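Undergrad: sequence unavailable; structure follows:
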């Protein structure tokens, strides 16, 4: 069984996907971290975002591994754990640029499909239900008010970035939404058969419970 969870930044998809996978005893794959890992490695190599061929070459050769952590999923690139380094807004912005490159999306889509072929996986991202696994047994699309999504990201990042301004994060979230929704390749949009969940006023556990009720008739879990 493949469960696809899509949605914009800060909608809660990664948090609930991780919990849902644990409840179902499924493998969890956070595809957004793959784009961030490509952006991180390109930055480490001094590759500029506009050098599209070089960024695509990074995507082709990079070795990304997901490992379970104590309270979060760890992202490893070629033997190095870089989870925390991927959460900065700079890397997020670079990842958005990388995600707009068709060659990068093609390479990472194939990597994601290879990861999910064995089944029993919860995969989140921005085009899982529309492009990566359009035949997934269950698809969810999470949304939330942009200001609420920005507040969530602000709360996550303020300890590591004490000078961070909430209004700055609101602008960044809205800019990322625009880039995701208007890119030429695999724009962010719900699949026609996805279940739409507005998480603005919902607690994490409430979102997970709604997903479980939708999944149980199919998976018999």
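TA: Noted; the coordinates are in hand. The shown structure was predicted, so the numbers you read here are calculated from the model rather than taken from an experiment. Numbers count the residues shown, from 1 in each chain.
Undergrad: would residue 211 count as being in a strand?
TA: No. Applying DSSP: H, G, I helix; E, B strand; the rest coil, one finds residue 211 to be helix, outside a strand.
Undergrad: now the nearest residue to it once chain neighbours are set aside: how far from residue 32?
TA: The shortest distance from residue 211 to any non-neighbouring residue, by Cβ to Cβ, 6 or more residues apart in numbering, is to residue 20 (5.7 Å). Any C-beta I mention is one placed from the backbone N, CA and C, and that applies to glycine too. Counting by Cβ to Cβ, to the nearest Å, the separation of residue 20 from residue 32 is 16 Å.
Undergrad: now residue 146
TA: Here residue 146 is placed at a distance of 18 Å from residue 32 (Cβ to Cβ).
Undergrad: give me the element the most centrally placed residue in the chain is part of.
TA: Centroid-nearest residue in the chain, with Cα atoms, centre = their mean: residue 32, separated by 3.1 Å. Using DSSP states H and E, residue 32 sits within helix 31-44.
Undergrad: buried set for that helix?
TA: Using 16 or more other Cβ atoms under 10 Å as the test for burial, helix 31-44 gives 31-43.
Undergrad: do the same with stretch 101-116
TA: Applying 16+ other Cβ under 10 Å to stretch 101-116 flags 101, 104, 105, 107, 108, 109, 111, 112, 115, 116 as buried.
Undergrad: chain center to it: distance?
TA: Taking Cα atoms, centre = their mean, to the nearest Å, the mean C-alpha location of stretch 101-116 is offset from the chain mean by 13 Å.
Undergrad: need the contact partners of it.
TA: Around stretch 101-116, the neighbours that count as contacts under Cβ atoms under 8 Å, 6 or more residues apart in numbering are 2, 27, 29, 31, 34-35, 38, 52-53, 55-56, 59-60, 64, 98-99, 121, 123, 125, 127-128, 131-133, 184-186.
Undergrad: follow-up on the earlier one: quickly note the distance from the residue nearest to the centre of the chain to residue 103.
TA: Taken as Cβ to Cβ, the span from residue 32 to residue 103 is 18 Å.
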